[in-house]
Structure formats: C-alpha cells, structure tokens
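Student: Give me a model of this one.
(2 chains)
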Amino acid sequence: MSSQAPDLTSSAAPDRGDHHAVPAKRHPWLLFLRRHPTVAVGGILLLLIAFAAIAAPFLGTTDPTKVNTIMRTRAPSAQHWFGTDVLGRDLYSRILYGARVSLLVGFTVAVLSSVCGLVVGLFAGFSRRMDAFVMRIMDGLMSIPSILLAVALMALNRGSVGNVIFAITIAEFPRVARLVRGVVLSLREQPYVDAAVTSGTSLPRIVVMHILPNTVAPMVVQATYICASAMITEAILSFIGAGTPPIVPSWGNIMAEGRALWQVKFYIVLFPAIFLSLTVLAVNLVGDGLRDALDPRFAKKI
Amino acid sequence: MTDVRTAHEARLREAGTVLEVKDLDVSFLRDGTWRNVVRNLSFDVRERETVAVVGESGSGKSVSSLAIMGLLPELTSRVSGSVVLQGRQLLGLPEKQMKTVRGRDVSMIFQEPMTSLNPVLTVGFQLCEALMIHSAMSREQAEAEAVRLLDKVRIPAAKARLHEYPHKFSGGMRQRVMIAMALACKPKMLIADEPTTALDVTIQAEILELIKSLQRDEGMSVLFITHDMGVVAEIADRTVVMFNGDIIEKGSTENIFEKPADPYTKALLSAVPRLGSMQGRDRPLRFPVVDKTTGTSDVPNEVADTVRGSETPVLQVGNLTTRFDITSGLFSRVTGRVHAVENVSFSVRAGETLSLVGESGCGKSTTGRSILRLVTPQAGSILVAGRDISSMQGAQLKEMRRNLQTIFQDPFASLNPRLSVGRSIAEPLVAYGKGTAAEIRDRVAYLLEKVGLSPDMATRFPHEFSGGQRQRICIARALALEPKMIIADEAVSALDVSIKAQVINLMLDLQAEMGLAYLFISHDMAVVERVSHRVAVMYLGEIVEIGPRRAVFENPIHPYTKRLLSAVPIPDPRQRFVSKELAASEIKSPVRAPDYEVPPRIYREVSQGHSVQVWGEEWGA
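Tutor: Okay, the predicted model is just below:
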C-alpha cells in the first residue's frame, strides 16, 4: 500500500508527503502491545482479576456467606487457602466474590461519570453564556468529598451498591466535564470546524463527526483513573461501614472485620489489601500506558 | 553605491575562511530505520560574508545548521563529515567544549520569536545569562552591557525594558532581543535559521537592515537559512541551493540569479513572483511552469478576461463593522474593544479577484470571517448576489452559504485528520443532501480530477498528503457546491515557493473555466500583484486604498501603501547595496477604550475606480 501520490498538473513535483508504510492489518493490536508494555502488563493483570471475579464459582470457592463458627480465624491451610475470618467464612471465596463488587463499582462509576461528564462538557464548551455558570456548579460538586456524600445518602436510605455508585459518580464526573470542555474549546477554533460550518453542516453533526472523536482519547485515559479512584473509595466506604451491606462481601468489608485482629491474624487484612492494590495498580498501568499511546503528538500517525 | 560594492568584494577576496563544511552527512533514526536527510553538503563561509542556504521544506537546510551547532538529538541522529570553525573541528567535540563554542564563537537565532524566549524570565535576565557565562562579568557589568546591546538592536527605552517579560514585546521586538543575545559575546559567526519568516513584511525589512548593519559593524559572518529568494537577493553574497538533502548549486548570488545552471534552480527562480513584473498588464498572469529535470519553461499567456461586469456584483460589502469586546474582572466588565473591521466597503464582480492586503492585525482575516458569518458583524450590509446576509439566520443563511466557500491558510489543520479525504470533500454535499451516496462519490471523483489529483485518493487520509496536495483537496471541497465566490484566506502563504505557483495557476485556471470570483486575502504583495484584478489595502481595520491592481501598484498614493511596497524584498541581487531608510516601527494595535469614537473618514477618488483615504498628521507630510 504505497503512498506515492501521482500529481497530475505539474511537472515532476516529487511527492514528499509523509511516507507511511502502514503495516498490513494482520496484527495491529499485537504491534500496539509490543510498543506499549505498560498497557500490556496492566491489561493482562486486569483481565486475570476480572476472569477470577466472573468465574468465581468455578475456581474452587465455597459459599462466601456460609458461617462456620468452629473454624474462626484459622491460618491459611490446604482447606482454606487464605484462611478464615472472624465468623469462620472462607476468605478465599469472599475475596474472589468481593472482586465482583469492586470491579462493578469501578467500571460503572467510570462509565457513568464519562457519559455525564461528556454531556455537561459539550454543553459548557459550546455555550459561551452558560459556560461560567455550569463550570462553577462543577467546581461546587468537586468540592464535596464523596465519602461524606455516601455517608449522608446512607443515612437517608440503606447502604447499598447503588448508593455507593451514585455518590462516587457525583464527585467524579465534574473532572471529566472539565476535560471535555477543554477539548471542545480548543477544537472549536480549528479551521476544519470553521470549514464544516461554512459547508452548511448542522451543529449536531459537527459535534458527532468532528468534536467527539477527538474527545474519546483523553476521556478514556481519565476514565481509567476514575475507575481506580472509585475502587479505593468503595473500599474505604465499606471499611467504615457506609458502603455495601455486610451481607455482600467486599474487600473493604473484609478488611474492616479483620481490623481489630490485624496484629495477630494479619492475613485477614493482608489478602484483600493485596488484591485491591493489584487491581488499582493494573488499572493505573493501563491508564498510563494509554495516555502515552494516545499522546496527541502521535495523533497524525493514526 | 558601486564603491561600497567594490570595496566589499575586494575585502571578500582577501578574507580567510571562518566556517568550512565538508561532506556533511546527517541521518535520523525514525521507526527503526536510518534515513539519510543531508548528503555530502560542502560549502564555506569567509570572514564578513553572508552565505544564504536556500531550499524548500524538507531540503535539509535547518537540519544542517543544527548539525553544525551540535544541537541534534544524540540518540536518534548520526552526523559525519567535517565542520571546521576557525580551524577547529566541531564534529565529535565533547559536549563540555561544545558549550564554550556555542554563544561565544558561533551563535544562532531561530525562526519563532514567540517561543524562543523563556516566558518566565525577564529579558534582562536572559541577556545577562549569556554574558555572564561566556565572559566573566559581574551582574552589574552584565546589565550595563545588556542595555548597550538592546540599544544597538534599536529597542527604544532599553534601560526600562530590561526588566520586562517577553510577553510585553511584539514579534519583531523579540527577534531583536534574540539578535542581541546572539551578539552578546561578539561571535565570529551568526547562524540565522529563517529569522524573518514569521514576521510581517515591514518588520522583516527592518530586521534584515539591522542584521546587515550589525554585520558591517561587528565584522561578523552570517549563515542565513531561508526559503525566500527575495531575502536571499537582499542580503547574501553567496548562495547555496539545496533540494531534498542534496546540494544543487552554489555560487555568488548574482550568478545564481542571472545564470542558474541547474534546472531545479531555474524552476525555483521562475516560481518567485517579482514585485513590479506586472507593469503594463491589466489582467492576472499565470506562473511559468518549468520542468524540474530539463529546465525548459513555458511562456504564460495573460489569462482571458473573466470579469463579467454586466451582472449584479457577486459580493457587495457596505460599511461592515466588526468589533470584539475585551472583558476582565469577575463580572466580565468590558474594558476595551478590538476594532477589527471598521467601516469597510467594497464590491466584487463575477469572475473578478479582489485582494485584501495588509499586515497582521489589519483586519483582513476578520473581514473574510465576517462575510462568511463565522463571526457576527456589529453593523453593515453584506449582499451576496443581491441579498443581504448580514442578519440572516437558520435555513435562509444555510441556503445563501452555498454561494460563498472558503479556503484557509493552514492546509494541515483545514482537514479533519480522522476523516478520509473523500468524506471531507463530500461534507458540503452531504450537508445539503445533494444526491445519493453513489452520486456524491462520483462528484467527489470529478472534483479531485478537477484539482489535479487522482480519484482513487478519496479513501486516503490527510496525513498521507503533502501541504500542496492538501490545499488542492481544500479547493476541491470549496468547489463542491459550485459557489459563486471563494474566499481564500492566506490560502497559499504556508506553501513552498514552487507549490505556491502551482496552486495559484490552478486557481486562475478554475476562475477562467468556472467564472469564479475570489476574495484573495494575503500579506504577500508580490503574489497579490500577479493574481488580482483589484486590490484593497487595509490598515487597523480600515481600507486606506482601493483600486485596480495596476493603479494601486504603479501609482500608490497612501503613505502606508508606499511603505508596504517598499518593504517587499526584491529578488534582484544588484539592489543589495542600496540602503533603505527604515524607522524602527511597531505595528499599532486596534485595541481601543470602550468609549472610543471612531473618527469619520473621507475617501478621495484618484482615478476611475481608484480611491484613497484622506490621511491625517500621523502619517507625516
């Protein structure tokens, strides 16, 4: 697929356009992963954890809520790979099922805040009059600590995963809005947007065809950071008891229950902590790698 | 004048060599392969001599200068050959020793004055830094020397401005500061990498005069890199022509201009518009097309008369006024107003080209944007084919938009990099619902052929094309709706010399074929002379002179028009020793207080169709 463009009018004007040897469409993903090892490592780790969470029933777990008062706080053994907690429940099972909650909260918050932030950011970026007003509201929302908001919501309703997701989204989506607004403001001045206006293209079409594709890259990177942040926030909320109800195993719950005993039975806190750290690390690695990969300096080499 | 010239040439004959470059070879590592970008470059620069390295983009001229200074990235570049500066080999010198060479024996000034100075340090600090590093001066001594240098580069009120930050200086002033920094340690050699490309033409003339006079006073040699043949003729004793990394020709500037040996040099010179070459002609003229391999050129005929004066004028602008508010403070109070376009009136007939010329900030781009309704004008009427569009909205405006299309300056930013070229061209067709997908595809193919590209390029992306080709694609997009008029906003300013000529030829051909009218917005007087039927000169948002091209260029009346025309560099080496009278001037800013009252302007008719604004005392006698 050569990029030698025959120029018909003039005599012998050599084409010195970017000679792009575009690689054949064989394995563009493999090439991408090889060039960006952080994305590869983070991605594989994340996939493993997600697999463990989804396939939890088949990975040698027992019922995570089954109380067994005889086997309280046993050390890790062949029967209970990570030991048991204060109520005799198998820690390994609880941790794998807990992964579901963390991943669910993380991804849902990331998706919801991206969508809300996108809508608000587009609106603020395009409407010069409402811009300042909307962004001050965003500043106000950003200043509310998500943990306090979740506690307040829990006081009104019961603690549930839904409340946790709602509270964290409210606190995180203004960041996405600010990011999208910045991109819209800079893209609005580009000549190709002016050309689209003079070509008669309607505003919705301009937004979809010209503005949105360029917001996707920074938004994806921001979304991964929000995901990591949401996971930690959810663990904190569960730790202080304002998150998921005690019946639902969550890494924060497990750590909270092992808190009093951590000096003697450290494994109750240790294992969920390791999993949480690894998951957050994996998400951050993917985010960092994507940010480097999608750097606008390389945007011409699409 | 001949005495100055013969004395200069005699001095050159006896001079020793300051810089000798032999078989310079530069390669870059990109995507895993080494690409040879400069091959076997050899030239030398003698004492008190100015050598110009001229070439188009991609010729390797900037890269060679960076290689000489040792400024190329270590890991991804390979430089071989020999660079001897005053008897000392520079290639292979360890970085520590190279640092003593840079700034003291050879210094460099760059193209972008806006980004060459550190914005968080005062100008005085940056000047003193250079002085204190290379000559063991104390802070007070360095400051005194810095003031002296700023005076030398003719910055007014130097002592006070020493403690100001770069953002308070204009582009031309910043370039002077850069020159002062470069001269701080009295180097024997100055390398100037396109220092005036980003500046307006009057400022460029001043900077070139400054470099010439400083060279005389300091006894310095200058290596001047540029793509502008007019600048070369104005300052260079000898010229080196480069193309695609190879050296094509070198010799004295007079020889290169009068007896070019290589076909490429001939092609390059024929593509340079010479101000004054259109004397006696009424209509625009194509550029001659020179075959780059054989050197044979065709002789361009004057284009046929395309102006259809009997019809309603395509565009009639009356008293157009556009102002922008400057707000500050918490409640966005209006603290000033930019009077971008002030009472502008003109009309363009079918098949005619009207050029708007002026320097940055004169309001020509804003006039174009106001006509296109990309910004909303405060007052005035814009009649397109008889109907006033200045206050139209919605579907009505969309209907009228078909008649006015536009081409922008930056061919890289005018096309969405994520859309294929075919989709970009088809955008206006899709917006107006012109036909089925197959019909649109056919029309895109037809348009691509019309602008000289092949139809199978429609699936490619903009980054796969060169600048000139992208501009052709933008022209194809502008033609999609069969408009009556195309507004070309500095459409050829960012293109190389030969590509510029090709695109202009294309535009003239399209005008003859389709009866298009053009509003050609430009600051390049020589190109404007070739392309236009009528010319309007703008200054600070107002038209100061308007008339047929021949009248305005051969008989300029307004002092600003005269100043503009005299500042354009003439590609004639024999004019080199004529010193120009230029005051160190700044381009005034159109920002005014909110309660400013615009003084009423009177226009005087000089001859048929040629009017000039009556000027006041600020323009002198």
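Student: use CA for all of it now, contacts and neighbours both
Tutor: Noted.
Student: ranges for the helices of chain A?
Tutor: Along chain A, counting by DSSP state H, helices occupy A:28-35, A:37-54, A:91-126, A:128-142, A:146-156, A:161-188, A:191-198, A:203-206, A:212-240, A:251-257, A:267-293.
Student: Run the chain-centre distance for the last one.
Tutor: Distance of helix A:267-293 from the chain centroid (C-alpha atoms, centre = their mean, to the nearest Å) equals 11 Å.
Student: Kindly report the same for the second one.
Tutor: On the basis of C-alpha atoms, centre = their mean, the separation between the geometric centre of helix A:37-54 and that of its chain is 13 Å.
Student: picking up where we left off before, let's have the helices of chain A in TSV, adding mean neighbour count, mean pLDDT and distance to chain B.
Tutor: Formatted as TSV, the helices of chain A follow (neighbours: other C-alpha atoms under 10 Å in any protein chain shown; pLDDT from 0 to 100; distance: least, C-alpha to the nearest C-alpha, whole Å):
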stretch	mean neighbour count	mean pLDDT	distance to chain B
helix A:28-35	12	77	11
helix A:37-54	18	89	17
helix A:91-126	23	92	14
helix A:128-142	14	89	11
helix A:146-156	17	83	29
helix A:161-188	22	90	10
helix A:191-198	22	91	4
helix A:203-206	13	89	9
helix A:212-240	21	89	8
helix A:251-257	25	89	43
helix A:267-293	21	89	15
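Student: out of those, nearest to B:Pro156?
Tutor: helix A:161-188 (36.3 Å; C-alpha to C-alpha).
Student: That closest one packs against which elements?
Tutor: Applying 3 or more C-alpha pairs under 8 Å, 6 or more residues apart in numbering or on different chains; DSSP states H and E, we find helix A:161-188 packed against helix A:91-126, helix A:128-142, helix A:146-156, helix A:212-240.
Student: Take the helices of chain A and write them to CSV, including distance to B:Gly547.
Tutor: CSV is the format used below for these (distance: least, C-alpha to C-alpha, whole Å):
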stretch, distance to B:Gly547
helix A:28-35, 59
helix A:37-54, 63
helix A:91-126, 41
helix A:128-142, 40
helix A:146-156, 68
helix A:161-188, 36
helix A:191-198, 29
helix A:203-206, 39
helix A:212-240, 45
helix A:251-257, 80
helix A:267-293, 55
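Student: so B:Arg39 sits right up against B:Phe243, yeah?
Tutor: No: contact criterion C-alpha atoms under 8 Å: B:Arg39 and B:Phe243 do not qualify, at 10.4 Å.
Student: Enumerate every residue touching residue 227.
Tutor: Going with chain A. Counting by C-alpha atoms under 8 Å, 6 or more residues apart in numbering or on different chains, A:Cys227 touches A:106-107, A:109-110, A:283.
Student: Chain B, not that one
Tutor: Contacts of B:His227 (C-alpha under 8 Å, 6+ apart): B:54-57, B:194, B:496-497.
Student: on that earlier part again, can I get the contacts of A:Cys227 in a markdown table with distance to A:Pro249?
Tutor: Formatted as a markdown table, the contacts of A:Cys227 follow (distance: C-alpha to C-alpha, whole Å):
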| residue | distance to A:Pro249 |
| --- | --- |
| A:Gly106 | 16 |
| A:Phe107 | 18 |
| A:Val109 | 19 |
| A:Ala110 | 21 |
| A:Val283 | 21 |
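Student: Could you identify the most distant pair in those residues?
Tutor: Every pair of the contacts of A:Cys227 checked by C-alpha to C-alpha; the farthest is A:Val109 and A:Val283, at 13.7 Å.
Student: Mind checking the pLDDT average for stretch B:91-107?
Tutor: Predicted confidence along stretch B:91-107 averages 87 (mean pLDDT).
Student: Go through it and flag the buried ones.
Tutor: Within stretch B:91-107, the residues that qualify as buried are B:91, B:98, B:101-104, B:106-107, counting by 16 or more other C-alpha atoms under 10 Å in any protein chain shown.
Student: and that stretch, how far out from the chain's middle?
Tutor: With C-alpha atoms, centre = their mean, you get 32 Å for stretch B:91-107.
Student: which residues are there in the stretch 251-400 of chain B that come within reach of chain A?
Tutor: Residues of the stretch 251-400 of chain B lying near chain A by C-alpha under 8 Å from any C-alpha of the partner chain: B:289-293, B:372, B:374, B:398.
Student: Pick out the most distant pair among the residues you listed.
Tutor: Using C-alpha to C-alpha, the pair of those lying farthest apart is B:Thr293 and B:Lys398, separated by 47.8 Å.
Student: out of the two, which sits in the busier spot?
Tutor: Taking neighbours as other C-alpha atoms under 10 Å in any protein chain shown, B:Thr293 and B:Lys398 compare with B:Lys398 leading, 19 against 12.
Student: Which strand or helix spans the more buried one?
Tutor: helix B:394-401 (DSSP states H and E).
Student: Does anything pack onto whichever helix or strand comes after that helix? Which helices or strands?
Tutor: Next along the chain after helix B:394-401, taking DSSP H and E as the criterion, comes strand B:404-407. Packing contacts for strand B:404-407, counted by 3+ C-alpha pairs under 8 Å, 6+ apart, involve helix A:191-198, helix B:467-479, strand B:485-489.
Student: again, 6 Å this time
Tutor: In terms of contacts (3 or more C-alpha pairs under 6 Å, 6 or more residues apart in numbering or on different chains; DSSP states H and E), strand B:404-407 is packed against strand B:485-489.
Student: then the strand it packs on to PDB, C-alphas only?
Tutor: The C-alpha trace of strand B:485-489 is given here as PDB (Å, rounded to 0.1, in the frame of the first residue of the first chain):
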ATOM      1  CA  MET B 485     -17.200  33.100  -4.900                       C
ATOM      2  CA  ILE B 486     -14.300  31.600  -3.000                       C
ATOM      3  CA  ILE B 487     -12.700  33.500  -0.100                       C
ATOM      4  CA  ALA B 488      -9.000  32.500   0.000                       C
ATOM      5  CA  ASP B 489      -7.800  33.400   3.400                       C
END
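Student: Show me the strands paired with that strand, marking each as parallel or antiparallel.
Tutor: The pairing partners recorded for strand B:485-489 under DSSP bridges are strand B:404-407 (parallel), strand B:517-522 (parallel).
Student: Mind putting those into CSV with mean pLDDT and mean neighbour count?
Tutor: Formatted as CSV, these follow (pLDDT from 0 to 100; neighbours: other C-alpha atoms under 10 Å in any protein chain shown):
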stretch, mean pLDDT, mean neighbour count
strand B:404-407, 93, 25
strand B:517-522, 93, 26
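Student: quick one: which of the ones you listed is nearest B:Arg139?
Tutor: Of those, nearest to B:Arg139 by C-alpha to C-alpha is strand B:517-522, at 46.0 Å.
Student: B:Gly336 sits in which helix or strand?
Tutor: Counting by DSSP H and E, B:Gly336 is part of strand B:333-348.
Student: Report the inter-axis angle for that strand versus strand B:485-489.
Tutor: 130 degrees (axes from the mean of the first three to the mean of the last three C-alpha atoms, to 10 degrees).
Student: Give me the buried positions along strand B:333-348.
Tutor: Here strand B:333-348 shows B:336-348 as buried, counting by 16+ other C-alpha under 10 Å.
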